[in-house]
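Enquirer: I would like the atomic coordinates for the input below:
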Amino acid sequence: MKNQLNETLKRSIEEPDEFWKEQASKLEWNAVPKDILTEENGHSVWFRDGKINLSEQALDIHVRNGSGDRVAMIYDSPVTGTVTKYTYRELLDKVARFAGVLKAQGVEKGDRVIIYMPMIPEAAIAMLGCVRIGAVHSVVFGGFAAHELAVRIDDCQPKVLITASGGIEVDKKIHYIPIVEEAIKQSVYPPHSVIVKQRLQFDTVLPGGWLDFESAVTDADPVDAIPVESVHPSYILYTSGTTGKPKGIVRDTGGYATALRFSMEYIYGVSPGEVFWAASDVGWVVGHSYIVYAPLITGCTTIIYEGKPVRTPDAGAFWRVVEEHGVHVMFTAPTAIRAMRREDPEGSLIRERQLKSLRTQFLAGERCDTPTLLWLRDQLGVPVIDHWWQTETGWPIVATCMGEDHPKERAGAAGKAVPGYAIEIVDESGKEVQVGTEGYVVIRQPLPPGNLLTIWNNPERFKAGYLERFPGYYFSGDGGVIDDDGYITITGRVDDVINVAGHRLSTAEMEEVVATHSGIVECAVVGITDQLKGQVPIALIVTTSGVGEEIEKEVNQLVRNTIGAIATLKKVYRVKRLPKTRSGKILRNVLRDVLNGREPRIPSTIEDITVVDELKEEL
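Expert: This is a model prediction of the structure:
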């Protein structure tokens with residue numbers, strides 16, 4: 001490794017067993033692990049013989065230790081005008097009773113449960129209720145279309161599906177019941193039971209046999225937490241893959257709890273009793289790790305926010321939450337900041353608020369451009385920290401760690417390697433490149449605790465996607481550069497997954513949908529740089545003769561209906577032909593370059609170089 005190591009990072013890499021044994025001792029295990037680090041099929045496994053429960057760590061322990069009256073969770077919903085606070089004792093009661101509801105539905109350890117809900121307290125209660133009895137939850141973002149939900153149902157085969165009447169947007173309501181009904185209709189392995197949180201804003205009639213969330217919880221007996229093996233799956237979280245088939249990332253239990261507790265202290269610099277707000281959604285990994293589990297395990301107050309950074313009611317929405325709830329550390333995506341800056345370029349809405357509690361602002365989800373980061377730093381007057389991690393890792397890989405003595409952030413870089421991550425930049429052959437040279441970002445095994453165990457129902461895909469390309473390393477799928485001081489800049493994906501406002505979307509999956517249109521001969525979907533969202537998808541289509549201009553709207557609607565609104569195509573271009581290699585592979589790198597206004601890098605394998613000139617004229 002050529003990047004500089006501080007003492008904590010150095011120790012975590014040279015003595016991983018002892019380092020993580022020490023961190024694990026900060027939790028209250030039901031069975032303290034002795035096998036700290038083992039290897040299985042070339043991948044690290046942590047605390048194999050330990051037993052623990054995430055729900056107990058997040059709730060019961062704080063109540064037993066005298067913090068039951070501390071506020072555990074604040075539900076702040078500008079779209080409904082609601083603010084509700086739950087103490088640790090109150091939240092524990094609701095979670096224990098919901099675990100009883102699941103038990104009454106026949107859910108046992110190892111059974112899967114899908115959660116398809118908006119940002120309401122019941123989403124977190126459902127998650128914690130699942131892990132309380134060893135059930136494996138899979139949260140599906142509430143904006144996904146029926147087809148996408150059906151794909152996930154069939155992959156994990158849940159015994160129960162938990163949903164709500166619907167989600168509330170700025171100017172509309174999204175009814176979930178028809179989506180869930182259609183998804184179940186499409187699925188091969190439908191759930192045995194459906195539980196619905198009925199919301200006052202919806203006039204919902206439950207389909208026959210479906211259960212009402214509130215009534216079921218009221219009638220249920222509370223259930224104690226069940227200790228599970230450290231390696232027992234806590235959840236499956238689907239992320240887009242380049243094949244178009246979603247990958248079900250499997251997270252363990254004990255390693256995850258250990259890593260999250262460490263990250264809150266060392267990376268985010270947060271102490272028990274403080275207010276930590278991750279302005280994200282429980283459908284994404286940020287919501288799992290830093291809305292639900294990490295803050296509660298640490299004994300913090302977490303915030304579930306049902307709203308937007310703008311238009312609820314304005315670009316000052318986030319700062320109202322920070323002021324009213326005394327947020328100490330906040331975490332959001334750069335796209336949210338860009339949206340605020342667009343509507344409030346002078347930061348006048350920020351200055352209207354008393355933000356004395358705010359100590360640090362973290363950003364992640366996609367790379368933050370330097371102007372946006374510097375603008376926010378100037379407005380807030382506190383450190384603004386960009387950092388980098390993945391659904392697969394579950395917690396940060398690269399960051400400026402606020403738990404260090406003298407952390408120094410650097411605009412444009414994601415920070416330095418976090419303890420536990422031995423990061424290298426390598427070339428195609430796996431050889432480490434010179435400092436300052438771009439290459440593939442890899443992490444030398446063993447990975448630290450909290451990283452993925454495998455891909456659900458597909459261990460071969462796990463090995464092929466992450467472990468086999470560079471033996472002895474985890475391949476992140478991203479490119480990057482390390483400088484002389486150890487700061488790491490992530491340059492973006494090296495495959496065809498794009499990052500739209502923090503949401504990873506598969507362009508291969510979008511292409512598959514676009515290609516179903518009868519008027520399209522062939523197509524390509526690529527991501528281009530977007531000032532607000534980081535990246536946006538663009539479709540290029542070659543059509544049959546006689547197809548009218550309406551095809552552009554039809555293609556976009558097709559993608560929205562099949563994948564969901566977050567996959568909306570920024571633009572659909574009709575072109576005469578697409579650049580290909582002589583073997584017939586579409587040259588997406590060339591398309592990206594042309595669409596981004598760059599001089600394309602033409603490979604020697606191109607079939608016909610004149611296609612590039614045609615594209616420049618057409619686009």
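Enquirer: Sticking with the residue nearest to Pro295 when sequence neighbours are not counted, tell me its helix or strand.
Expert: Distances taken as C-beta to C-beta, 6 or more residues apart in numbering place Thr302 nearest to Pro295, at 3.8 Å, with adjacent residues excluded. Heads up, the C-betas are built off the backbone N, CA and C, glycines and all. According to DSSP states H and E, Thr302 maps onto strand 301-305.
Enquirer: again, but for Arg461
Expert: Using DSSP H and E, Arg461 sits in helix 459-462.
Enquirer: hey, where'd the strands end up in the stretch 101-250 of the chain?
Expert: Remark: strands assigned in the stretch 101-250 of the chain by DSSP state E, counting those that start in this stretch are 112-116, 136-139, 160-164, 166-168, 173-175, 193-197, 211-212, 228-229, 235-239, 247-251.
Enquirer: Just checking: what are the partner strands of the fourth one?
Expert: For strand 166-168, the pairing partners within the sheet under DSSP bridges are strand 173-175 (antiparallel).
Enquirer: Going by neighbour count, which residues in the partner strand are buried?
Expert: Ile174 (16 or more other C-beta atoms under 10 Å).
Enquirer: same deal with stretch 107-117?
Expert: Applying 16+ other C-beta under 10 Å to stretch 107-117 flags 107, 111-117 as buried.
Enquirer: Which single helix of this protein contains the most residues?
Expert: helix 88-104 (DSSP state H).
Enquirer: Mean confidence (pLDDT) on it, please.
Expert: The average pLDDT for helix 88-104 rounds to 98.
Enquirer: Now do it: which elements does it pack against?
Expert: helix 61-64, strand 71-77, helix 121-132, helix 213-219 (3 or more C-beta pairs under 8 Å, 6 or more residues apart in numbering; DSSP states H and E).
Enquirer: Deepest in the core, which of the ones you listed is it.
Expert: helix 121-132 (a mean of 27; mean count of other C-beta atoms under 10 Å).
Enquirer: sorry, back to before: the helix or strand just after the strand holding Thr302 packs against which elements?
Expert: Going down the chain from strand 301-305, the next helix or strand is helix 317-325, by DSSP H and E. Helix 317-325 is packed against strand 71-77, strand 275-278, strand 301-305, strand 329-332, with contacts defined by 3+ C-beta pairs under 8 Å, 6+ apart.
Enquirer: Of those, give the one that comes closest to Gln157.
Expert: Nearest of the helices and strands packed on helix 317-325 to Gln157, taken as C-beta to C-beta: strand 301-305 at 28.3 Å.
Enquirer: Helix 88-104 and the closest one, what's the angle between them?
Expert: Put simply, strand 301-305 runs at 60 degrees to helix 88-104, going by axes from the mean of the first three to the mean of the last three C-alpha atoms, to 10 degrees.
Enquirer: Mind listing what's buried along strand 301-305?
Expert: 301-305.
Enquirer: Same question for stretch 152-162.
Expert: For stretch 152-162, by 16+ other C-beta under 10 Å, it's 152-153, 155-162.
Enquirer: Take the residues you listed and write them to TSV, including distance to Leu27 and pLDDT.
Expert: Converted to TSV, those look like this (distance: C-beta to C-beta, whole Å; pLDDT from 0 to 100):
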residue	distance to Leu27	pLDDT
Arg152	30	95
Ile153	33	97
Asp155	31	96
Cys156	27	97
Gln157	31	98
Pro158	28	98
Lys159	29	98
Val160	28	98
Leu161	31	98
Ile162	27	98
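Enquirer: what's the closest of those residues to Gly68?
Expert: Ile162 (25.9 Å).
Enquirer: for that closest one, what are its contacts?
Expert: If a contact means C-beta atoms under 8 Å, 6 or more residues apart in numbering, then Ile162 has 113-117, 122, 126, 194-197, 213 as its contacts.
Enquirer: and if we set it to 6 Å?
Expert: By C-beta atoms under 6 Å, 6 or more residues apart in numbering, Ile162 lies in contact with 115, 126, 195.
Enquirer: Write down the beta-bridge partners of it, one by one.
Expert: Ile162 has these beta-bridge partners by DSSP bridges: Ile115, Ile195.
Enquirer: and stretch 382-393, how far apart are its ends?
Expert: Using C-alpha to C-alpha, to the nearest Å, the end-to-end distance of stretch 382-393 comes out at 27 Å.
Enquirer: Val113 and Pro448: what is the separation?
Expert: Going from Val113 to Pro448 by C-beta to C-beta, to the nearest Å gives 28 Å.
Enquirer: Output the below-cut-off pLDDT ranges for this structure.
Expert: When residues are selected by pLDDT under 70, those of the chain lie in 1-5, 240-244, 495-496, 504, 581-584, 604-605.
Enquirer: Using the centroid of it, identify the residue furthest from it.
Expert: Of all residues in the chain, Gly546 has its C-alpha farthest from the mean position, at 42.6 Å, by C-alpha atoms, centre = their mean.
Enquirer: between the strands of the stretch 101-250 of the chain, which gets nearest to Glu7?
Expert: Closest to Glu7 of the strands of the stretch 101-250 of the chain is strand 247-251 (C-beta to C-beta; 29.1 Å).
Enquirer: Relative to the closest one, what are the paired strands and their orientations?
Expert: According to DSSP bridges, strand 247-251 forms sheet pairs with strand 235-239 (antiparallel), strand 454-455 (antiparallel).
Enquirer: what's the spacing between the longest one and its chain's center?
Expert: Read it as strand 235-239. 9 Å (C-alpha atoms, centre = their mean, to the nearest Å).
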